[in-house]
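In: return atomic coordinates for the entry below.
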Amino acid sequence: MSNVQKAAAALTLSATLLAGNAAFAASNDLTDVKWSFADVSVNLLDWSKGTEKRNNHFKEDFVFLEVEGGVGFSWGEFYGFYDLENPGHSRDNDKHKDKRVATKGTFHYYLGDSPFSLYSQVYHFNSKGFYETNTVVGLGYRYRSDNGFWIKPWIGGHYVDSDRGYTGKNGVMAGWVFGYDFTALDQKFSVTDWTEIEVMRADEYKDVNGSTGVNGAIALWWHPFSKISAGIQYRYASKKLGYDGYNNAMIYTLKYNF
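Out: You can find the predicted model right below:
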């Protein structure tokens, strides 16, 4: 193991202990809610023709249902989603048509009155004959402007658990979530983006998946009513999603806001 990978492993261990203590300390105050949201949506993911060709047509378009939500307190915030891909299909269908599940949870524990936080996230995906869980623990940051723009970057040690290829410490992952709310033609809109970048991957993982991975989506949302939102997302990934190359797709979303 290189010195860089040893440093990443040490970061993972120390930040995990800090985040665990922070979560325990905060667990007694769950009534001071500052903001919250929840929604359900139906989504169609349409792979680009180039992606389908590069993957020898192994990837096919699919519908997925999503439940997501978040809540913020004076001391921290949580966000999570649960996706059910190919609802109505069976686990026994072909691999590109089987029922699949993806879920993610993120947590910021605020460091006093500063914009910094202890950050952790867990993402899990499973399909027919395959699962992978990615855990990140590290530091986050929060910024919000007066004109409707906000961003939350983060960085941390990365640990992967997979039934195919490699399980163990996997370098460093960094990323961000940002959004911008605006009005045009008397209609409410927003732009959002999430991006994750994996670097310094372990040799065993890098041999199969490449040295650096990028994963994310940028979206334009229209909010014609308080309860209804519609969106179009550009999905992008490099050396991720089971392919050592570039993947991209469009996602069309209709969302009900609680």
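In: show me where pLDDT drops low in this protein?
Out: In the predicted model of the chain, residues 1-28, 93-96 satisfy pLDDT under 70.
In: heading C-terminal from the longest strand that it contains, find the next helix or strand.
Out: If you go by DSSP state E, the chain has its longest strand at strand 168-184. Downstream of strand 168-184, the first helix or strand assigned by DSSP states H and E is strand 187-199.
In: can you list the strands that that following strand pairs with?
Out: strand 168-184 (antiparallel), strand 213-223 (antiparallel) (DSSP bridges).
In: not counting the strand or helix carrying Glu204 itself, show me its contacts.
Out: In the assignment (DSSP H and E), Glu204 maps to helix 203-209. The contact list for helix 203-209 (C-beta atoms under 8 Å, 6 or more residues apart in numbering) reads Val160, Gly165, Tyr166, Gly168, Asn170, Arg201, Lys239, Lys240, Asp244. (Each C-beta comes from the backbone N, C-alpha and C, glycine too.)
In: of the residues you listed, closest to Pro115?
Out: Asn170 (27.7 Å; C-beta to C-beta).
In: wait, doesn't that closest one sit right on His158?
Out: Yes. Using C-beta atoms under 8 Å, Asn170 makes contact with His158 at a distance of 4.6 Å.
In: pull up the overlap in contacts between these two.
Out: Asn134, Glu198.
In: tell me which residues touch Asp161, please.
Out: Glu132, Thr133, Thr135, Thr167.
In: is the first one bridged to anything, and to what?
Out: Read that as Glu132. Going by DSSP bridges, Glu132 forms beta bridges with Phe125, Ser162.
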